[in-house]
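A.B. asks: please work out how this folds:
(2 chains)
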Amino acid sequence: GESVGLHLPTLSVQEGDNSIINCAYSNSASDYFIWYKQESGKGPQFIIDIRSNMDKRQGQRVTVLLNKTVKHLSLQIAATQPGDSAVYFCAESHFGNEKLTFGTGTRLTIIP
Amino acid sequence: DSGVTQTPKHLITATGQRVTLRCSPRSGDLSVYWYQQSLDQGLQFLIQYYNGEERAKGNILERFSAQQFPDLHSELNLSSLELGDSALYFCASSPVGGSGNTIYFGEGSWLTVV
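C.D. replies: Have a look, this model is predicted:
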């Protein structure tokens, strides 16, 4: 069945450094990928998305990279801030399909 | 604030009982989704409603049911509760069909079954 997994459950990064969170997916039919951020006590918040016809997309301080060959997705956060501390989830679906399949999450801790 | 409202925020109940979780979607959103988040299963899609009709079904147990009312709010009913049902239940909404970035999540309802 389809599954989305994360390489590392926890990640600690010094404030100001860049962080990279990785995600592997197994469904080769997936064509839409999303990163969500979940802060303590809150629901998942959309960060950035990417379609399978792209291999890179940039937002404000965030970049998502997609490697379809090895079915790998990564989220890069530049110049990390304390507010970036959260659990980050990748999710996948088919574009236009409402169902999201989430990974297990990576807890990012920013060290002051 | 995502605009999706869930009640109650916390709920403690005994095994065998039944509870109802309520969700008000963002104004104008027609689709409502329910997700379950537990420590060992992560975020699992349960069910989606669109304008009152069931649209998609995920890993929802037979003991669970949901509905979306004419005013577009939704309820998730959990019955014959077991300890393993303890989890955070999220409601999300989107204008029509979601495509990730248009799905907005509420802050969840913490259910503890004792």
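A.B. asks: ok and the residue in chain A nearest chain B?
C.D. replies: A:G43 (3.3 Å; C-beta to the nearest C-beta). The way it works is simple: take the backbone N, C-alpha and C, and place the C-beta from them, glycine included.
A.B. asks: quick one: contacts for that residue?
C.D. replies: Going by C-beta atoms under 8 Å, 6 or more residues apart in numbering or on different chains, A:G43 touches B:S2, B:V4, B:F90, B:A92, B:F105, B:G106, B:E107, B:G108.
A.B. asks: what does chain B put close to chain A?
C.D. replies: Contacts of chain B with chain A, taken as C-beta under 8 Å from any C-beta of the partner chain, map to B:2, B:4, B:31, B:33, B:35, B:42-45, B:48, B:55-56, B:58, B:90, B:92, B:94, B:97-101, B:103-108.
A.B. asks: doesn't B:L81 make contact with B:T13?
C.D. replies: Yes - counting by C-beta atoms under 8 Å, B:T13 touches B:L81, with 6.2 Å between them.
A.B. asks: which neighbours do the two share?
C.D. replies: In terms of C-beta under 8 Å, 6+ apart, B:T13 and B:L81 are both contacted by the residues B:V19, B:V113.
A.B. asks: tell me which of these two has more neighbours.
C.D. replies: Neighbour comparison, B:T13 and B:L81: the larger count goes to B:L81, with 20 against 16 (by other C-beta atoms under 10 Å in any protein chain shown).
A.B. asks: ok, the more buried one to B:S94 distance?
C.D. replies: B:L81 sits 29 Å away from B:S94, going by C-beta to C-beta, to the nearest Å.
A.B. asks: what does A:V13 give?
C.D. replies: A:V13 is 32 Å from B:S94, where distance means C-beta to C-beta.
A.B. asks: low pLDDT regions in chain B?
C.D. replies: B:40-41, B:97-101 (pLDDT under 70).
A.B. asks: in it, what residue comes closest to chain A?
C.D. replies: Distances between chain B and chain A by C-beta to the nearest C-beta are smallest at B:F105, namely 3.3 Å.
A.B. asks: ok now do that residue, which residues does it touch?
C.D. replies: Contacts of B:F105 (C-beta under 8 Å, 6+ apart): A:G43, A:P44, A:Q45, B:S2, B:V4, B:Y35, B:F90, B:C91, B:A92.
A.B. asks: excluding its backbone neighbours, what's nearest A:N18?
C.D. replies: Leaving aside its chain neighbours, A:N18 sits nearest to A:A78 (5.2 Å; criterion: C-beta to C-beta, 6 or more residues apart in numbering or on different chains).
A.B. asks: for residue 15, phi and psi?
C.D. replies: Since no chain was named, I'll use chain A. The phi and psi values for A:E15, taken as degrees, to the nearest 10, are phi -50, psi 130.
A.B. asks: wrong one, chain B
C.D. replies: In terms of degrees, to the nearest 10, the main-chain angles of B:T15 are phi -60, psi 150.
A.B. asks: that one touches B:L81, doesn't it?
C.D. replies: Yes - with contacts counted by C-beta under 8 Å, B:T15 reaches B:L81, the gap being 5.8 Å.
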